[in-house]
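In: take this sequence and fold it.
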Amino acid sequence: MKRNASIAANPVLIGAATTLVIVVAVFLAYNANNGLPFVPTYSLKVNVPSAAQLVRGNEVRVGGSRVGVIDEIVPVRQDNGRITAQLSLKLDTTIKPLPDDSSVLVRPRSALGLKYVEITKGTSDQGYEDGATLPLRAATTEPVEFDELLETFDEETRKASRVNLREFGNLLSGRGLDINRAIEAFDPLLRNLTPVMTNIGDPQTRLIAFVQALEQTAREVAPVAEEQAELLGNLDTTFGAIDRVRADYQQSIENAPSALDAAIESFPAQRPFLANSEALFRELAPGVRALRTAAPDLADAFELGTGSLRRSVAFNKRLEPTFEALQDFAEDPLVELGVRDLTNLAGILRPTVNKLAPIQTTCNYVTLWFRNVASLLSEGDENGTSQRFIIVAAPAGPNNEGGPSNKPANGPETDNYLHTNPYPNTASPGQEQECEAANENYLDAQTVIGNVPGNQGTQHDETTIERGGTQPLESGEPQ
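Out: As a prediction, this is how the structure comes out:
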């Protein structure tokens, strides 16, 4: 019976198997960065501010562990025109689904420029589906590149660093004992600082609002920074001047406590005086404003009054007997009785005066009466004066004013109607503001007894002025 040949004894089969293994190994090594074939993955897209120095195949890590690779990098134009990058990630299914409050950060892997994508998982119960896109806001602040860090150390910065090191060295040189004592004092300081910082960190202190208010204040002050700098320069000048008289300032500060004590004791007593002074100046304000126009006249009065004031000394001496007589008169008991009677008389006459005053001050009737009486008794013609003519020329008709009558005249002619107003309005208190006497309109074919309807006004006469012509005369205007 013939035995079967072993496969290991066939060099052709061994070579073919070896070649297949090598091909598969090369294929797997070439595609290792893109994930192993036939292995399920979790695909996401991430928008980041910049993909500088990122390449296809860079790692994606969560908590330092590799969970995937970058499959593709494409530029994206945002709505505001800014160009960002979108990364297509192939991730392990172990992190699926990624919470939707997760964040992404592009971090350097080494100082040579290698980078990777770090994902910080959130705590949300909602997650991204396969193929979803993380928004740009999920990408945290772009990290500082190593070359950007080195660019900060320019020539001026290096020179300033050398100066700082030299000055700090001079500061600490020979002060080892003092430093040891300071470190020893830090222990109680830090122990006491703990409750202080706890109070400051309490939400009730509203420290965040305070810092925000400071930031807002700084923003408001920034536009006037130059004015503030100029103010500080002026303050330097002011304090320099104060420094030259610091001895006087020192003395004033030493005397300040006693002065404050005296002020605390005296100010309450001065308060009524200050209140009265404030009221006095408030009442004087209208007069002070009037002084603007009266100042020239007052200046002349003061100039002329200087001589009069000198002569008033001798005049006052001559007045001494007069004032002594007035004093004797004032001390006489009968004078007090007379003054009291005059006071009563003034009180009795006040209503009458108030009633009669507008007759002249508003309507000018007293002046008009004297003028018209003079004309009535002096002017006329060959038949006599105006008074006589009025009596003779009475209107015709029954009950006319030329003779006795049993009732008021009421026609039949249009001028034979009685018009009488025994108590016309004269703008007195309680009356219409009008000068009715000699001012009312004549109503034809009507009997009018008493006040005429309507307001007749206060202007009712005419007079010829010196410049010629006729001009209306206000009733309150004297002739």
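
In: ramachandran angles for residue 431?
Out: Main-chain dihedrals, residue 431, degrees, to the nearest 10: phi -110, psi 170.

In: contacts only, for it.
Out: residue 425 (Cβ atoms under 8 Å, 6 or more residues apart in numbering). Where you see a C-beta, it was placed from the backbone N, CA and C, and this is true even at glycine.

In: secondary structure element holding residue 86?
Out: Element membership of residue 86 [criterion: DSSP states H and E] is strand 83-91.

In: all the strands of the stretch 301-450 of the chain, residue numbers only.
Out: Along the stretch 301-450 of the chain, counting by DSSP state E, counting those that start in this stretch, strands occupy 380-381, 384-385, 419-420, 448-449.

In: strand partners (parallel or antiparallel) of the strand holding residue 86?
Out: With DSSP bridges as the criterion, the sheet partners recorded for strand 83-91 are strand 42-48 (antiparallel), strand 65-77 (antiparallel).

In: now the longest one - C-alpha only, CSV.
Out: I take that to be strand 65-77. Included here for strand 65-77 are C-alpha records, laid out as CSV according to Å, rounded to 0.1, in the frame of the first residue of the first chain:
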residue,chain,number,x,y,z
SER,A,65,-5.5,55.8,25.1
ARG,A,66,-5.6,55.4,21.3
VAL,A,67,-9.2,55.0,20.1
GLY,A,68,-8.9,55.8,16.4
VAL,A,69,-7.2,57.6,13.6
ILE,A,70,-7.8,60.6,11.3
ASP,A,71,-9.1,59.3,8.0
GLU,A,72,-9.4,62.6,6.1
ILE,A,73,-8.8,66.3,6.4
VAL,A,74,-10.7,68.9,4.3
PRO,A,75,-11.0,72.7,4.6
VAL,A,76,-14.4,74.3,5.3
ARG,A,77,-15.5,77.9,4.8
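
In: buried stuff in that strand?
Out: 67-71 (16 or more other Cβ atoms under 10 Å).

In: separation between residue 210 and residue 404?
Out: Computed with Cβ to Cβ, to the nearest Å, the distance linking residue 210 and residue 404 is 105 Å.

In: neighbour count for those two, which is higher?
Out: Neighbour tally, residue 210 and residue 404, criterion other Cβ atoms under 10 Å: the higher count belongs to residue 210, 11 against 5.

In: quick check: which element contains the more buried one?
Out: With DSSP H and E as the criterion, residue 210 is inside helix 207-221.

In: also residue 257?
Out: Counting by DSSP H and E, the element that carries residue 257 is helix 246-331.

In: for the record, mean pLDDT for that helix?
Out: Within the predicted structure, the mean pLDDT of helix 246-331 is 87.

In: stretch 366-384 too?
Out: For stretch 366-384, the mean pLDDT works out to 75.

In: and stretch 68-83, by the same measure?
Out: If you average the pLDDT values across stretch 68-83, you get 88.

In: centre of the chain to it, how far?
Out: The chain centroid and the centroid of stretch 68-83 are separated by 49 Å, computed with Cα atoms, centre = their mean, to the nearest Å.

In: now do stretch 265-280
Out: Counting by Cα atoms, centre = their mean, stretch 265-280 is centred 32 Å from the centre of its parent chain.

In: in that stretch, what's buried?
Out: When neighbours are counted by 16+ other Cβ under 10 Å, no buried residue of stretch 265-280 is found.

In: do stretch 428-438 as well
Out: The neighbour-count check on stretch 428-438 (16+ other Cβ under 10 Å) flags 428, 434-438 as buried.

In: and if you look at stretch 156-167?
Out: Under the neighbour-count criterion of 16+ other Cβ under 10 Å, stretch 156-167 has nothing buried.

In: likewise stretch 102-111?
Out: 102, 104-106.

In: which ones among those are found in strands?
Out: Secondary structure defined by DSSP state E assigns 104-106 of the buried residues of stretch 102-111 to strands.

In: now do the helices in the stretch 1-150 of the chain.
Out: Assigned helices in the stretch 1-150 of the chain, in chain order: 11-30, 146-151 (criterion: DSSP state H, counting those that start in this stretch).

In: outline the domain layout of the chain.
Out: When the chain is parsed with automatic domain parsing, its domains come out as 24-143, 153-205, 368-474.
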